[in-house]
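predicted structure and sequence below. I'll ask about it afterward.
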Amino acid sequence: MKFDLHMHTARHSPDADTDPFELIEAAIKAGLDGIVITEHDFMWPEEELNELRAAAPQLVILAGVEVTGRGGDMLCYGITDPFALPRGIDWRELTREVHRQGGACCAAHPNRWGQPFERLLKE
């Protein structure tokens, strides 16, 4: 299956200008089987995801969150309580909390803007 795991929309992200319905149309045209919308420090509620799912039942549409952590942005998937992942959280605390919730996370932009990704990873 082909998924894009890092997508933003104009509805909930200040750095995107794509309407959510245009996003799902583009995903279908690109041949994707699914997308994960990962807005900055915001996780789409199920009722809003269901709007998109109704418009594109052939596409798997999920939500994660891109947390602005102290070490840089971290993509978080499978979380149940996004409020436990506050903006500016230390990466160690962030990964512990995501794992406690049964989720997984990965760096969104390793080494962007000189972030010391390798050092943070070792710590």
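Thanks, I have the structure now.

when you work out contacts or count neighbours from here on, use the C-alpha atoms and nothing else.
Noted.

quick one: the helices in this structure?
20-29, 46-55, 91-100, 117-122 (DSSP state H).

now the strands for this structure?
3-7, 34-37, 60-63, 65-69, 72-77, 104-107 (DSSP state E).

right, so of those, which gets closest to R92?
Nearest to R92, of all those, is strand 65-69, at 9.6 Å by C-alpha to C-alpha.

out of the helices of the chain, which is closest to V65?
Of all the helices of the chain, helix 91-100 comes closest under C-alpha to C-alpha, at 10.9 Å.

follow-up on the earlier one: tell me which of the strands of the chain lies nearest to G114.
strand 72-77 (9.9 Å).

so which residues make contact with the closest one?
Strand 72-77 has contacts (C-alpha atoms under 8 Å, 6 or more residues apart in numbering) with 6, 38, 63-68, 98, 103-110, 115.

lowest-pLDDT helix or strand in this protein?
helix 117-122 (a mean of 68; mean pLDDT, DSSP states H and E).

burial count for E118?
Per other C-alpha atoms under 10 Å, the neighbour tally for E118 reads 10.

for C106, see how far away it is.
To C106, E118 is 13 Å away according to C-alpha to C-alpha, to the nearest Å.

cool, P14 as well?
Relative to C106, and taking C-alpha to C-alpha, P14 is found at 21 Å.

swap in E66?
For E66, the distance to C106 - C-alpha to C-alpha - is 10 Å.

of these two, which one has the most company?
Shown here are E66 and C106; by other C-alpha under 10 Å, E66 has more neighbours (27 against 13).

so F21 touches E51, yeah?
No. Using C-alpha atoms under 8 Å, F21 is not in contact with E51; the gap is 9.3 Å.

need the residues touching each of those two.
Contacts common to F21 and E51, judged by C-alpha under 8 Å, 6+ apart, are absent.
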